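Chemist: Mind looking at a prediction? Sequence and model below.
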Amino acid sequence: MTITLSDQDKSTLRTAAYGAVSLMAAAGAAGKPHKIAANGGIALGSATGLIGHVLADYPKGKDLAGKSVAEIADRVLPALTEAMSLLRKQDPAEADNFRGTVLIAVETAQIHQDQPSPAAVEMARKITAALDAARVATADNGAAAGQDRPELRKAIEEIVESGFLAVSLRVHDERGEWAGSAGVAELGGTAKPPVNGHARIGSNTKTFTATLVLQLVAEGKIELDAPAADYLPEFVLDERITVRMLLQHTSGLFNFTGEVYEDGSIVHGIPVPYGTTGKEWVDNRFHTYRPEELVCRALSKPARFEPGTGWSYSNTNYVLARLLIEKVTGRSLAEEMQRLILGPLGLSGTVVPDASPELPEPHAHVYYRYEEAGRQKTIDITRHNPSWVSTGGDMISTSQDLATFISALVGGKLLPAPLLAEMCTPHATGLPNMDYGLGVFVQKTDCGGTVITHNGGTVGSMTLMYSTPDGSKTLTAVLNWVDDADLSIATKVQNAQQRLVNEVFCGEQADPAQPSD
């Protein structure tokens, strides 16, 4: 594609890119600003393609030296958005190249600080938001790639009409990429939900975690069929439970968020937003649980079955996977996730929050409804401490990052072919048309195809992540609603999920009036 940039356009690109480095240096002054700026500048100098040629001409006299952080931010952040906007109008690939180049420079600036200051971390977030602002504005008009898809827009609008607060959808297929949103970002408001907003991704966290474990298998740090107890002796696990069983949900370990048995009986774990513990969860939604505590609570309950003799979805398995990762690497899950997945793929909108209740802007809100003293109350629960589910479902991401991740994963960019094959080898679950590999479901569609998926439901929202086995077609989405202890919207969630899968992977609409299996 031919792209034409005026001298003013080129000046904007240079000011934006080198200004971002200056902003990181000023914000991280305690970490040797000259070194930060030099390393960030070197990273910019490594840019390729058209962007590399533009940035090779350093904007002399425009390095913003001596300015305050606020003064630099006022000039640079709008320039970053403007730069992305002018590139995206002509060539989205060059826009992505520019975005990736700046983020690599920002990451390099942070890495070379002994301890990144809170101000530097916040500025990195603002730089990312400024880069993404143009993309969101474009996508919000319903055409992430300059086209409209009326059938997709109709689907999300009808899902909102069925009782959802907000829906954002992103599809990549043979026709290109499309993204759009419907509904409202918050109750009582009129603004649409952000197309590429941040969302709590629930059990999609498991796919990230399983990928990380398998990457450590590839590095020789973990053996897939070794007893998990070999790595985590402090928990006195059954020696028959292997690392594979944790990732596959065949360990039999009690789920610390509670179990529902075949006879209908329920054994509670920690308070969760549903059933009789819903109000208790609401009242204690900022409480911090440590992963070791969750595991110990699970181990205090009887196992569901002997290791390897059944399949049962248990968040406990993935909290143990987190602790295993941290034990064998000596680093936090967040650090390893950044090293092996987030950094290499440029997933700047993806966060491992641990116990932080914050959800980065932009985002749609989620709500919870309950009865108190005979009256209905609805509260905003967008902010809550996700440590109650830990690695069972605590991560934050965006539809763009999820699409990039699942496509790269099944496309072979993160794992050696033999380990990817292990990951996607289906194991019977007893669920209709849904078998499980290692951190992914292998699902049959209504039209006979196969998709690799692992959707994530968390209180008040659900995040969808689907891909064809070769990564060529992806669907990612976020659905928000007003939740309650009875999960009264459950059937509508299933219908919406099936509707979107059929629309994208089968080229037909599911009847939203018909409940899915």
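Modeler: Here it is on my side, so go on. Here the structure is a predicted model, which means the values were calculated and not measured.

Chemist: Count the neighbours of residue 456 for me.
Modeler: Residue 456 has 26 neighbours, counted by other Cβ atoms under 10 Å. Bear in mind the C-beta positions are built from the backbone N, C-alpha and C, glycine included.

Chemist: and if you look at the one 4 residues further on?
Modeler: Each residue near residue 460 was counted by other Cβ under 10 Å, and the total is 25.

Chemist: for it, what are its contacts?
Modeler: 366-368, 381-382, 480-483 (Cβ atoms under 8 Å, 6 or more residues apart in numbering).

Chemist: So what does it have for phi and psi?
Modeler: Geometry field for residue 460 lists phi and psi as phi 90, psi 0, criterion degrees, to the nearest 10.

Chemist: I'd guess residue 443 is in a helix, am I close?
Modeler: No - the assignment for residue 443 by DSSP: H, G, I helix; E, B strand; the rest coil gives strand, which leaves it out of any helix.

Chemist: OK, contacts around it?
Modeler: By Cβ under 8 Å, 6+ apart, the contact list for residue 443 reads 433-435, 450-453.

Chemist: Any of those buried? List them.
Modeler: Members of these that pass the buried threshold by neighbour count (16 or more other Cβ atoms under 10 Å) are listed as 435, 450-453.

Chemist: hmm, back to that, for the contacts of residue 460, which one is nearest residue 25?
Modeler: residue 382 (33.1 Å; Cβ to Cβ).

Chemist: Quick check, pLDDT for the closest residue to that closest one other than its chain neighbours.
Modeler: The spatial neighbour of residue 382 that comes closest, neighbours along the chain excluded (Cβ to Cβ, 6 or more residues apart in numbering), is residue 365 at 4.7 Å. We note a pLDDT of 97 for residue 365 in this prediction.

Chemist: Wait, a strand at residue 365?
Modeler: No - remark: residue 365 does not belong to a strand; assigned using three-state DSSP, it is coil.

Chemist: my guess is it meets residue 186, correct?
Modeler: Yes - look at residue 365 against residue 186 with Cβ atoms under 8 Å: they come within range, at 4.2 Å.

Chemist: May I have the phi/psi pair for the residue nearest in space to the middle of the chain?
Modeler: The chain has residue 397 as the residue nearest its centroid, 2.7 Å off, counting by Cα atoms, centre = their mean. According to degrees, to the nearest 10, the main-chain angles of residue 397 amount to phi -160, psi -170.

Chemist: If you count contacts, what does the strand or helix carrying residue 403 end up packed against?
Modeler: In this assignment (DSSP states H and E), residue 403 forms part of helix 399-410. Contacts defined by 3 or more Cβ pairs under 8 Å, 6 or more residues apart in numbering; DSSP states H and E place helix 399-410 against strand 166-173, helix 204-218, helix 343-345, strand 461-467, strand 474-480.

Chemist: By mean pLDDT, show me the worst of the ones you listed.
Modeler: Comparing mean pLDDT across the helices and strands packed on helix 399-410, the weakest is helix 343-345, with a mean of 90.

Chemist: Please list the residues outside the helix or strand just after that one that contact it.
Modeler: Downstream of helix 343-345, the first helix or strand assigned by DSSP H and E is strand 367-372. By Cβ under 8 Å, 6+ apart, the list of residues contacting strand 367-372 from outside reads 165, 187, 273, 278-279, 282, 376-381, 459-460, 481-485.

Chemist: Among the buried ones among the contacts of residue 443, name the ones in strands.
Modeler: 435, 450-453 (DSSP state E).

Chemist: Can you pull the poorly scored residue ranges out of the stretch 101-250 of the chain?
Modeler: Applying pLDDT under 70 to the stretch 101-250 of the chain picks out residues 109-117, 134-147.

Chemist: and the closest residue to residue 260 other than its chain neighbours, how far is that from residue 257?
Modeler: Counting by Cβ to Cβ, 6+ apart, residue 266 is the residue found nearest to residue 260 once chain neighbours are left out, at 5.4 Å. Counting by Cβ to Cβ, to the nearest Å, the gap from residue 266 to residue 257 is 11 Å.

Chemist: Also residue 157?
Modeler: Here residue 157 is placed at a distance of 34 Å from residue 257 (Cβ to Cβ).

Chemist: neighbour count winner among the two?
Modeler: When residue 157 and residue 257 are compared for neighbours, residue 257 comes out ahead with 24 against 15, by other Cβ under 10 Å.

Chemist: so that one sits in a strand?
Modeler: No - assigned with three-state DSSP, residue 257 falls outside any strand and is coil.

Chemist: Could you report the separation of it from residue 295?
Modeler: 12 Å.

Chemist: circling back: neighbours around the residue nearest to residue 382, how many?
Modeler: Residue 365: 21 neighbours (other Cβ under 10 Å).

Chemist: Please report phi then psi for it.
Modeler: Dihedral pair for residue 365: phi -90, psi 160, per degrees, to the nearest 10.

Chemist: In contact with it, which residues?
Modeler: Contacts for residue 365 were tallied using Cβ under 8 Å, 6+ apart; they are 165, 185-187, 380, 382, 480.

Chemist: out of those, who has the most neighbours?
Modeler: With neighbours taken as other Cβ under 10 Å, the top of those is residue 480, carrying 28 neighbours.

Chemist: pretty sure that residue is touching residue 165, no?
Modeler: Yes - counting by Cβ under 8 Å, residue 480 touches residue 165, with 4.7 Å between them.

Chemist: So for those two, which residues contact both of them?
Modeler: Joint contacts of residue 480 and residue 165 (Cβ under 8 Å, 6+ apart) are 183, 364-366.

Chemist: from those residues, which single one is nearest residue 7?
Modeler: Taking Cβ to Cβ as the measure, residue 7 lies nearest residue 364 of the shared contacts of residue 480 and residue 165, at 40.3 Å.

Chemist: Just give the number of residues close to the closest one.
Modeler: Residue 364: 28 neighbours (other Cβ under 10 Å).

Chemist: which residues does it contact?
Modeler: Residue 364 makes contact with 165-166, 168, 183-186, 193-194, 197, 199, 478, 480 under the criterion Cβ under 8 Å, 6+ apart.

Chemist: ok, now with 7 Å
Modeler: Applying Cβ atoms under 7 Å, 6 or more residues apart in numbering to residue 364 gives the contacts 166, 185, 193-194, 197, 480.

Chemist: now do residue 470
Modeler: Residue 470 touches 410-411, counting by Cβ under 7 Å, 6+ apart.

Chemist: host element of it?
Modeler: Here residue 470 is assigned to no helix or strand, by DSSP H and E.
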